[in-house]
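Participant: A predicted structure for the sequence below; I have some questions about it.
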Protein chains: 2
Amino acid sequence: MAATTTMDKPAPKDLSYHYSRVTKNRVPSKMKSFYQYFFIPGIGNLAGGLPNPSYFPYDTLEAATATPDRFKPTPNDPVDPPTERLAKATLSDGVKASRVLVPHDSAESNILRKIDLTTALQYGTAQGYPPLYTFIRSFAQTNLHPNTPYEGGPEVILTCGSTDAFAKTLECFTNIWDEERDWIREREGLLCEEFAYMNAIQAARPRGLNVVPVAIDDEGMLAFGKGGLYEVLENWDKNKGKRPHIMYTVTMGQNPTSGLLSVKRRKEIYSVCQKYDIIIAEDDPYWYLQYPSANDLSIKARGKPVSENFPSVSTHNYNTASGGISSGFDFLDSLVPSYLSIDVDGRVVRMDTFSKTVAPGCRLGWITAQPAVCAKIQQITETSTQQPSGFVQSLIVELLAGPSSKADSGKGGSKDGSGWKVDGWVRWLEGLRGNYERRMQLMSSILEDGKFLIQDGRRRSTVSEDEDDYQMLHKTQLYDFAYPMAGMFLWMRAHYETHPLYRKVDHQRLARALWTFMTTDDYLVLLSPGSIFCPTQQIMEEKGWQYFRLCFAAVDDDVLEKHSKAVVSAFTDFWAIEDVKTIDKLLEDEEAAQARFDKIAAQNQGLYAVNPIIC
Amino acid sequence: MAATTTMDKPAPKDLSYHYSRVTKNRVPSKMKSFYQYFFIPGIGNLAGGLPNPSYFPYDTLEAATATPDRFKPTPNDPVDPPTERLAKATLSDGVKASRVLVPHDSAESNILRKIDLTTALQYGTAQGYPPLYTFIRSFAQTNLHPNTPYEGGPEVILTCGSTDAFAKTLECFTNIWDEERDWIREREGLLCEEFAYMNAIQAARPRGLNVVPVAIDDEGMLAFGKGGLYEVLENWDKNKGKRPHIMYTVTMGQNPTSGLLSVKRRKEIYSVCQKYDIIIAEDDPYWYLQYPSANDLSIKARGKPVSENFPSVSTHNYNTASGGISSGFDFLDSLVPSYLSIDVDGRVVRMDTFSKTVAPGCRLGWITAQPAVCAKIQQITETSTQQPSGFVQSLIVELLAGPSSKADSGKGGSKDGSGWKVDGWVRWLEGLRGNYERRMQLMSSILEDGKFLIQDGRRRSTVSEDEDDYQMLHKTQLYDFAYPMAGMFLWMRAHYETHPLYRKVDHQRLARALWTFMTTDDYLVLLSPGSIFCPTQQIMEEKGWQYFRLCFAAVDDDVLEKHSKAVVSAFTDFWAIEDVKTIDKLLEDEEAAQARFDKIAAQNQGLYAVNPIIC
């Protein structure tokens, strides 16, 4: 089947009736009628309120950087430089390294290619620094989403990271509601996964939005069936407010469950969103961290894949298989595509970030959506963040795109001083994927081995094969998990119902005690309790307390191995506790520690609060 | 009079009833109860969703930078390196230059002092990167506002620049109002100067806020008299909505009028704000650009100062003269202090920015306000921008504070690798002040010389002294202005009433024609028309059209001289136009040019829009 040409495609729908009242009030800047005068050759500009660039105290910005092949993209046989050497990487020690330099002035006249401090550190455009905007726009349109179904394809606008992007999306599409002031029938709602990234939910709650969870399985949101999207919307009770018109969803390595939504499921969800006219805010920081090996591992260990909805070969090309054109890269073609790939209406607002591909401290990302929506986000940007910092924008684009020509005194992030270019960028992402995938496998295999307790206290791995029948009768399951198909997390359900004290101790207290037990001297390991990912009180009480989220991404392999084994040991030992007093003691100690900490934190102006779990 | 001690001071007032409904709904993050566990020695962290810092592609961040003494702080006899050399500044060419280096890992254990990429590029605290937050907090409390009247003094929180700061302040204190939905009695208002920085007004308008201008003189807002703050509030007409409870004000080098509000006027305005319970949002990007010489120049040229409310000696110490303690620096002591210096109630929310002291592209600044307000701004930050980019935060704090010790591999922005420290920072600001002050003087003197047209066509400067009587009878005033007491702008009123066509052409058309006339080949100079600084249609029609804003900051001295003279020539020649058709032709040409430009801009995705006037 031939690729659809632009001419065949319908225009995106006008969804402006979804805008909030504030967004509808926004009018394009009148300033634009003056812009032409700034381009009169030789014009003397006494109009702008710009500081003089020769008074910036920075003459260059520079960096020692990685080359794109620092990490070898070999998920099946992973090799990479030892971590301890990365920290001291220099050009000479064998680690793949380079240097980046942003000059004070570039001779390039095309502002779409010019990279220098005179432009990057000056006031700029709300869409983003022109050369970086150009790079990202091309990457989004050509490589990341080569097959968007509406005419002209999506536009992009840079953001200060995806939390900023979602705040602006909420501002764009939702009205504030107040219980004491407004009718319940006016209350708008936000759909989300039943376990969700809570920072997004916390952005919505103060606006009075009704947070409406949708049931999930190991893939992600359910379209149909009990608690699925269709059921929630079709049976909407108007006494709870308006039927929601916007959804927040993480579809690739969902946080906290690591779910990866298949194309089949995407189509089902999208069709329900069409029927009920839902805007889809797709937040996918982990899109490039997809692990085909998770299904293989699941089959090997348990005889069945995580989900039947995925192709059995890891070389599957999603773009050409659906009749579209290739991204130009095998790696990108092998990844489940965004909702944008089936977004005929233009109802998808996709959020991307450099937080996980470069570093969270960038505070840099972009929104991809139909042009009219990007134009509204741009207006919001003009009176809030204005643009991401020119420090990060110039250092990132010099790394990726490099200077416009060799004559330019800038230096990009490759040995010859040109930039990484798109192929270097894709290679970097594949290299990261390989490393994180290896850690996913490491943690999963340790937890797989430890999930049963043999009644006589012996662990499964120490029992010989011929004892299998004995085990089937006497083994106790401590926890369960799905092999992570994507992302940075393993989502584990503890089987408290097999614990000796299950009927004697309140379940949530038992869960809290286990969590605390793991932090004690013998185990020294900290997990995220499931309760902090529950969008409603009901979910927290019904099942949130049963879960833990384990991040396999942050620590080195040897440390990951140690801590994963500590988790198994803690479970094993916790299941040996038969005295209620031991549980009481754990919780008392926890309270005392909390009080001590609160006192110290108050003395330190709260600066200990390095938001360690927000991501 | 002895300095007031902390013990004598009253606590700031609880102003939480001023918060918006959304702000009242914000609750502190529950995450904080988990933070203690991150500080258990040796704890294995599988809880956080942090990427691994060894996978950041940046191994260092570096910069070639200025030393604090690059610019000589000699306002009376200014000397500085020629601008053309600054652009190519290196360590060797005699320009005062240094290097900054942010290492990947610092050995420092105190997070309030540690500067490295492992922390700066990781998820961080919403208050700001701890070492930068610490530097700024100390600078604000000790040096910039050493004499705040309430107990404990103000707190700070970092922002992504002052546009972001004001958006968050509006979010914190104002409710959205919609004409079609809400009662007029619920409409909240925003007080501002009658000529105002429009980007701030544009942030308020879509929220439905009633923008309420207050009359000004050359200093700034009037407390009393016609159109002054007291009159506006005392005679408030409830049919226009609620009496405003928040004010947006620029008090030092006001944009566009360059007004500098004296201490006397500040006290008057503050007392009115107390009476009517107004929150003061003070946006002062130009605070360090105060020019005592403006009054001297005005006296010399016109026989009277810009304002009588300022001390006659430029060495006046504002801090000790008011019975307070010194900032520790003569330069800071010589500057009119912020509203914070008289803020007994804690009703001032002060916004600072690095945009004019370092570079606009930083997108970095801070809010100074009573701690409870900063805590609310922090909650808003956690679900929007999270923090300013770690790229800019680390490069700025390494420049200013420098590495925690010589053993650290970081380098700060001074010859010996330590940071600028506070004294270097203050010196840098004084150096900038000297340079901008020289330009203010240059532009002012050229415009002073050109403001009269002698009836026989001779300019004043070409007429000998003994012809003074002749001139008094026959000279025509083209425009007038106050010598800028602060900031980057000169605010000029054109005396159209003396133009030959004043009674034959609509006044606003005449003004538009002059503005266009200046952009033609003989003059090639672009000014900001007064109309773009009018917060209401009424002000635009009544008087906005009479004004121009001229920025003396952006261009070099020689260019400034040329363009200032071009402005004078354009006025002179424009006043020689006696044929209405010439005016018509100018306006027709303008419309055609606009149409051409709009077409080109559309083809270039609007990226020509380098927001040249927004600042």
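Facilitator: Nice, thanks for sending it over.
Participant: contacts for stretch A:9-22 next, please.
Facilitator: Applying Cβ atoms under 8 Å, 6 or more residues apart in numbering or on different chains, the contact partners of stretch A:9-22 are A:24, A:149-152, A:171-175, A:245-246, A:277, A:279, A:344-347, A:370-373, A:376, B:176, B:178, B:181, B:206-208. In this view, the C-beta of every residue, glycine as well, is placed from N, C-alpha and C.
Participant: can you tell me the closest non-neighbouring residue to residue A:260?
Facilitator: The shortest distance from residue A:260 to any non-neighbouring residue, by Cβ to Cβ, 6 or more residues apart in numbering or on different chains, is to residue A:485 (3.7 Å).
Participant: which helix in chain A has the most residues?
Facilitator: The residue-count maximum for a helix in chain A (DSSP state H) belongs to helix A:421-449.
Participant: residue A:561: how many residues sit nearby?
Facilitator: Using other Cβ atoms under 10 Å in any protein chain shown, residue A:561 has 16 neighbouring residues.
Participant: hmm, back to that, quick one: the longest helix of chain A near chain B?
Facilitator: Yes: counting by Cβ under 8 Å from any Cβ of the partner chain, contacts between helix A:421-449 and chain B involve A:428, A:432, A:435.
Participant: just among those residues, which is most surrounded?
Facilitator: That'd be residue A:428 among the residues of helix A:421-449 next to chain B, by other Cβ under 10 Å, with 26 neighbours.
Participant: ok, then the element right after the lowest-mean-pLDDT helix or strand in chain A?
Facilitator: When each helix and strand of chain A is scored by mean pLDDT, DSSP states H and E, helix A:83-86 comes last, with a mean of 53. The C-terminal neighbour of helix A:83-86 among helices and strands, as given by DSSP states H and E, is strand A:97-102.
Participant: now tell me what touches that following strand from outside.
Facilitator: For strand A:97-102, the external contacting residues (Cβ under 8 Å, 6+ apart) are A:60-67, A:70, A:89-91, A:115-117, A:120, A:394-395, A:398-399, A:409-415, B:59.
Participant: quick one, which of those are buried?
Facilitator: Listed as buried from the contacts of strand A:97-102 are A:60-67, A:70, A:89, A:115-117, A:120, A:394-395, A:398-399, A:409-414, B:59; burial here means 16 or more other Cβ atoms under 10 Å in any protein chain shown.
Participant: just the ones of the contacts of strand A:97-102 in strands?
Facilitator: Among those, the ones falling in strands (DSSP state E) are A:61-66.
Participant: between these, which is nearest residue A:296?
Facilitator: The closest of the ones in strands among the contacts of strand A:97-102 to residue A:296 turns out to be residue A:66 (Cβ to Cβ; 29.5 Å).
Participant: any idea how far the spatially closest residue to the closest one that is not a sequence neighbour is from residue B:106?
Facilitator: Of all residues not flanking residue A:66 in the chain, residue B:57 sits nearest, at 4.1 Å (Cβ to Cβ, 6+ apart). To residue B:106, residue B:57 is 19 Å away according to Cβ to Cβ, to the nearest Å.
Participant: the more surrounded of those two?
Facilitator: Using other Cβ under 10 Å as the criterion, residue B:57 and residue B:106 rank with residue B:57 on top: 26 against 23.
Participant: pretty sure the more buried one is touching residue A:71, no?
Facilitator: No: with contact defined as Cβ atoms under 8 Å, residue B:57 does not count as touching residue A:71 (9.8 Å).
Participant: shared neighbours of these two, anything?
Facilitator: Common neighbours of residue B:57 and residue A:71 are listed as residue A:428 (criterion: Cβ under 8 Å, 6+ apart).
Participant: show the pLDDT at the most centrally placed residue in chain A.
Facilitator: Geometric centre of chain A, nearest residue: residue A:285, 2.7 Å, by Cα atoms, centre = their mean. Looking at residue A:285, its pLDDT is 97.
Participant: okay, and it sits in which element?
Facilitator: Counting by DSSP H and E, residue A:285 is found in no helix or strand.
Participant: correct me, but it touches residue A:356?
Facilitator: Yes: the pair residue A:285 / residue A:356 is scored as a contact, 4.8 Å apart, by Cβ under 8 Å.
Participant: and the stretch 401-550 of chain A, which residues reach chain B?
Facilitator: With Cβ under 8 Å from any Cβ as the criterion, the stretch 401-550 of chain A comes near chain B at residues A:413, A:428, A:432, A:435, A:488-489, A:519, A:524-528, A:532, A:549-550.
Participant: just for the stretch 51-200 of chain A, where's the confidence low?
Facilitator: A:73-94 (pLDDT under 70).
Participant: what about the residue of chain A most remote from its centre, distance to residue A:116?
Facilitator: What lies farthest from the middle of chain A is residue A:42; by Cα atoms, centre = their mean that is 46.9 Å. Distance of residue A:42 to residue A:116, computed by Cβ to Cβ: 21 Å.
Participant: and what of residue A:404?
Facilitator: Distance from residue A:404 to residue A:116, by Cβ to Cβ: 10 Å.
Participant: also residue A:428?
Facilitator: In terms of Cβ to Cβ, residue A:428 sits 24 Å off from residue A:116.
Participant: how about low-confidence regions in chain A?
Facilitator: Checking chain A against pLDDT under 70 turns up A:1-7, A:29-35, A:73-94, A:455-473, A:597, A:600-615.
Participant: domain assignment for it?
Facilitator: A:6-25+A:152-386, A:450-603 (automatic domain parsing).
Participant: will you turn the ones you listed into CSV that also has distance to residue B:578?
Facilitator: Formatted as CSV, the domains of chain A follow (distance: least, Cβ to Cβ, whole Å):
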stretch, distance to residue B:578
domain A:6-25+A:152-386, 43
domain A:450-603, 73
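Participant: give me every residue in the stretch 101-250 of chain A lying close to chain B.
Facilitator: By the rule Cβ under 8 Å from any Cβ, the part of the stretch 101-250 of chain A lying against chain B is A:104-105, A:111-112, A:117, A:120-127, A:130, A:133, A:160-161, A:163-164, A:167, A:175-176, A:178, A:181, A:199, A:202-203, A:205-208.
Participant: kindly recompute the last result at 7 Å.
Facilitator: Residues of the stretch 101-250 of chain A lying close to chain B (Cβ under 7 Å from any Cβ of the partner chain) are A:104-105, A:111-112, A:120-125, A:127, A:130, A:160-161, A:163-164, A:167, A:176, A:178, A:199, A:202-203, A:205-208.
Participant: tell me which of the residues you listed fall in helices.
Facilitator: Among those, the members found in helices (DSSP H) are A:120, A:130, A:163-164, A:167, A:199, A:202-203.
Participant: returning to that earlier point: on the C-terminal side of the longest helix of chain A, identify the next helix or strand.
Facilitator: Next helix or strand after helix A:421-449 toward the C-terminus (DSSP H and E): strand A:452-454.
Participant: mind giving me the packing neighbours of that following strand?
Facilitator: strand A:475-477 (3 or more Cβ pairs under 7 Å, 6 or more residues apart in numbering or on different chains; DSSP states H and E).
Participant: run the last query once more with 10 Å
Facilitator: helix A:468-474, strand A:475-477, helix A:557-574 (3 or more Cβ pairs under 10 Å, 6 or more residues apart in numbering or on different chains; DSSP states H and E).
Participant: quick one, what contacts the residue nearest to residue A:66?
Facilitator: Residues counted as contacts of residue B:57 (Cβ atoms under 10 Å, 6 or more residues apart in numbering or on different chains) are A:63-68, A:70-71, A:97-98, A:100, A:357-359, A:396, A:399-400, A:413, A:420, A:428, A:432, B:121.
Participant: any idea how far it is from residue A:362?
Facilitator: Per Cβ to Cβ, residue B:57 is found 11 Å from residue A:362.
Participant: overlap in contacts of those two?
Facilitator: Shared contacts of residue B:57 and residue A:362 (Cβ under 10 Å, 6+ apart): A:396, B:121.
Participant: got the buried residues for stretch A:304-314?
Facilitator: Applying 16+ other Cβ under 10 Å to stretch A:304-314 flags A:305-307, A:310-311 as buried.
Participant: now do stretch A:260-268
Facilitator: So for stretch A:260-268, counting by 16+ other Cβ under 10 Å, buried means A:260-263, A:265-266, A:268.
Participant: lovely, talk soon.
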